[in-house]
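Undergrad: got a predicted model here, sequence first, then my questions.
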Amino acid sequence: MSDHPLILVVEDDGAVQDLIVTALETTHSYRLCTADTGTQAVIEAATQRPAVMLLDLGLPDMDGVEVISKVRAWSDMPIIVISARSQDDDKIEALDTGADDYLTKPFSVDELLARIRGTLRRLHYIKASAQDPVFVNGDLTVDYNSGIVTLSGKELHLTPLEYRLVCVLCRNVGRVLTHTYLTREIWGSTLDSDIASLRVFMATLRKKLQPLPDSPQFIQTHVGIGYRMIKL
Ligand code: CA
């Protein structure tokens with residue numbers, strides 16, 4: 001049992017917390033701990049060292065974003081934010097503060113379980129490939145040393161900027177990266193015009209990575225928020 005990943009559920013709404021706990025218990029795949037407040041969340045995170053934190057953004061004593069920045073001061077544990085649909089700005093702020101992914105309320109149990117599995121898969125992949133200079137994801141490989149990107153064994157001809165974009169996405173595989181994060185990584189600035197350019201570069205990059213309509217889709221668009229390289 002003890003090798004089952006520990007999930008910290010931070011949620012002040014008792015009914016939602018019960019729903020999440022029941023859903024996770026039913027799988028018999030996880031151990032669980034819970035917190036109702038931000039203060040308790042930070043304490044549980046530090047003492048229990050969960051594999052993943054599920055974090056409601058609207059907490060009674062502090063904003064969920066504050067919990068993220070406190071935890072990020074000493075830990076890179078994956079944090080999946082749970083927030084209402086109307087809170088896009090809050091999601092962006094949470095992602096920019098260091099959250100890995102988000103779920104929008106109301107969400108289905110299947111969606112929740114898929115996000116947790118995806119996060120754990122990413123963790124496993126990152127641990128296994130930490131020293132590897134070649135990123136492999138399905139048919140896509142990126143050799144960071146030589147700067148060569150191949151798809152199904154064929155070298156892709158990327159512009160320097162597209163290559164940088166691919167590298168940022170690959171190094172953060174599985175994480176949702178906001179427009180602000182990406183433009184800062186690529187251009188060192190976050191002007192509105194950069195975000196417009198980012199859309200254009202992303203569209204041409206996507207065509208190169210997905211040459212046929214039924215090719216696997218590596219880059220997922222999060223409308224109004226950003227992009228994610230999916231771990232296939
Ligand atoms: Ca709440």
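TA: Yep, it's here.

Undergrad: show me the helices in the chain, by range?
TA: Secondary structure of the chain by DSSP state H: the helices cover 14-26, 38-48, 64-72, 88-97, 109-128, 160-171, 179-187, 192-209.

Undergrad: what's the neighbour count on Leu169?
TA: For Leu169, the neighbour count with other CB atoms under 10 Å is 25. Just so you know, the C-beta spots here come from the backbone N, C-alpha and C atoms, and that holds for glycine as well.

Undergrad: what about the closest residue to it other than its chain neighbours, distance to Pro106?
TA: Closest residue to Leu169 apart from its sequence neighbours, by CB to CB, 6 or more residues apart in numbering: Met229 at 3.9 Å. Relative to Pro106, Met229 is positioned 27 Å away (CB to CB, to the nearest Å).

Undergrad: TSV for the helices of the chain, including distance to Ile79 and mean pLDDT?
TA: Listed next are the helices of the chain as TSV, based on distance: least, CB to CB, whole Å; pLDDT from 0 to 100:
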stretch	distance to Ile79	mean pLDDT
helix 14-26	15	95
helix 38-48	9	97
helix 64-72	6	96
helix 88-97	8	91
helix 109-128	9	90
helix 160-171	18	94
helix 179-187	15	91
helix 192-209	24	90
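
Undergrad: give me the beta-bridge partners of the residue nearest to Leu169?
TA: Beta-bridge partners recorded for Met229 (DSSP bridges): Ile219.

Undergrad: what about Gly129, neighbour count?
TA: For residue 129 the amino acid is Ser, not Gly. 13.

Undergrad: residue of the protein nearest the ion, please.
TA: Nearest residue of the chain to the ion: Gly58, at 3.7 Å (CB to the ion).

Undergrad: quick one: residues contacting that residue.
TA: 12, 64, 83-84 (CB atoms under 8 Å, 6 or more residues apart in numbering).

Undergrad: distance check, the residue most central in space within the chain against Thr39.
TA: Closest to where the C-alpha atoms of the chain average out (CA atoms, centre = their mean) is Arg175, at 2.4 Å. Between Arg175 and Thr39 the distance is 26 Å, computed by CB to CB.

Undergrad: related to what we said a few turns ago, looking at Met229 and Pro106, which has the bigger crowd around it?
TA: Shown here are Met229 and Pro106; by other CB under 10 Å, Met229 has more neighbours (24 against 10).

Undergrad: per-residue confidence for the residue of the chain most remote from its centre?
TA: What lies farthest from the middle of the chain is Lys154; by CA atoms, centre = their mean that is 28.5 Å. pLDDT for Lys154: 96.

Undergrad: for Met1, same thing?
TA: At Met1, the model reports a pLDDT of 51.

Undergrad: next to the ion, which bits of this protein? Give me the list.
TA: Counting by CB under 5 Å from the ion, the chain comes close to the ion at 12, 56, 58.

Undergrad: and which of these is nearest Pro160?
TA: Asp56 (41.2 Å; CB to CB).

Undergrad: how about the contacts made by the closest one?
TA: 10-13, 16, 64, 82-83.

Undergrad: now do His179 against Gly226, distance only.
TA: In terms of CB to CB, His179 sits 5 Å off from Gly226.

Undergrad: which residues do these two both contact?
TA: When CB under 8 Å, 6+ apart defines a contact, no residue borders His179 and Gly226 alike.

Undergrad: the residue nearest to Leu169 against Cys167, yeah?
TA: No. Applying CB atoms under 8 Å, one finds Met229 not in contact with Cys167, separated by 10.3 Å.

Undergrad: picking up where we left off before, contact partners for the residue nearest to Leu169?
TA: Counting by CB under 8 Å, 6+ apart, Met229 has contacts 137, 169-170, 172-174, 218-220.

Undergrad: lovely, talk soon.
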